[in-house]
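**Student:** Provided below are the primary sequence and the corresponding predicted coordinates.
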Amino acid sequence: MRRLVVGISGATGIAYGIRVLELARKAGVETHLVVTPAGQQTRAYETDLGARDLAALADVVHRPADVGAAIASGSFRTDGMIVAPCSVRTLSAVAYSMNDNLLTRAADVTLKERRRLVLLVRETPLTLGHLRAMTAATESGAIVMPPVPAFYLRPGSVDDIVDHTAGRALDLLGIDVPDLPRWGG
Ligand SMILES: Cc1cc2nc3c(=O)[nH]c(=O)nc-3n(C[C@H](O)[C@H](O)[C@H](O)COP(=O)(O)O)c2cc1C
């Protein structure tokens, strides 16, 4: 069975993380979820879901303080990790291997094991510091994928935009998302 680590940090756009979990479940992928305290704050601001509702979308949920969890070790095999959304704080920690919680530790493990790490970094406008952290993360092997909508597919709703971005993030891990709208020329 395929296994995906999903991190949700405290940038706006928790809908992306929720959709990644839903699509991964549909694709038969086992998910391991870690949500930072700021991620829980955005959940409360941006959705009607309680912490338990969010947890129910994943197969296994880890506490952000539990740096001894399975996903903190490279010997626990996974197919990679998606951080959606990824705050600048989490990006910076990942870029410089500051493994200060389970999310950033699991991301660093993903990089050191040369597995795919996709960061849906969300901030605007960007400072030079943000751009430098994106460069450092990319140099370490991460894929920085800001959740920027594509309008050529004529999205009719916010859900369409979220679906497309979450699907493209899963695409980067080779996880098949049926019915993902694609440009055919
Ligand atoms: C409603 C809300 C929206 C936020 N949006 C962003 C954002 O888009 N990008 C960002 O980098 N931080 C954003 N923040 C700030 C982060 O939550 C804050 O920097 C936090 O320390 C991130 O911690 P974490 O990376 O451990 O989740 C937001 C905070 C709140 C409460």
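**Tutor:** Perfect, thanks for sending it. Small disclaimer: the values here were computed from a predicted structure and weren't measured.
**Student:** in terms of helices and strands, where is residue 16?
**Tutor:** helix 14-26 (DSSP states H and E).
**Student:** that helix and the ligand, any residue contact?
**Tutor:** No - residues of helix 14-26 are not located near the ligand by Cβ under 6 Å from any ligand atom, the shortest gap being 9.3 Å. To be clear about C-beta, it is placed using only N, CA and C from the backbone, and glycine gets the same treatment.
**Student:** in CSV, list the C-alpha atoms belonging to that helix.
**Tutor:** C-alpha atoms of helix 14-26 as CSV (Å, rounded to 0.1, in the frame of the first residue of the first chain):
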residue,chain,number,x,y,z
ILE,A,14,-6.3,24.7,5.0
ALA,A,15,-8.8,23.6,2.3
TYR,A,16,-5.8,22.4,0.3
GLY,A,17,-4.6,20.0,3.0
ILE,A,18,-8.2,18.8,3.5
ARG,A,19,-8.6,18.0,-0.2
VAL,A,20,-5.2,16.3,-0.4
LEU,A,21,-6.3,14.0,2.4
GLU,A,22,-9.7,13.3,0.7
LEU,A,23,-8.1,12.6,-2.7
ALA,A,24,-5.4,10.4,-1.2
ARG,A,25,-8.1,8.3,0.6
LYS,A,26,-10.0,8.0,-2.7
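**Student:** contacts for that helix?
**Tutor:** 4, 6-8, 31, 33, 35, 39, 42-43, 46-47, 49, 54, 57-59, 82, 84-85, 120, 147, 158, 162-163, 165-167, 169-170, 175, 177-178 (Cβ atoms under 8 Å, 6 or more residues apart in numbering).
**Student:** take the residues you listed and keep only those in strands.
**Tutor:** Within these, residues falling in strands by DSSP state E are 4, 6, 7, 8, 31, 33, 35, 82, 84, 85, 120.
**Student:** got a list of what the last one touches?
**Tutor:** Under the criterion of Cβ under 8 Å, 6+ apart, the neighbours of residue 120 are 13, 16, 82, 83, 84, 85, 86, 145, 146, 147, 165, 169.
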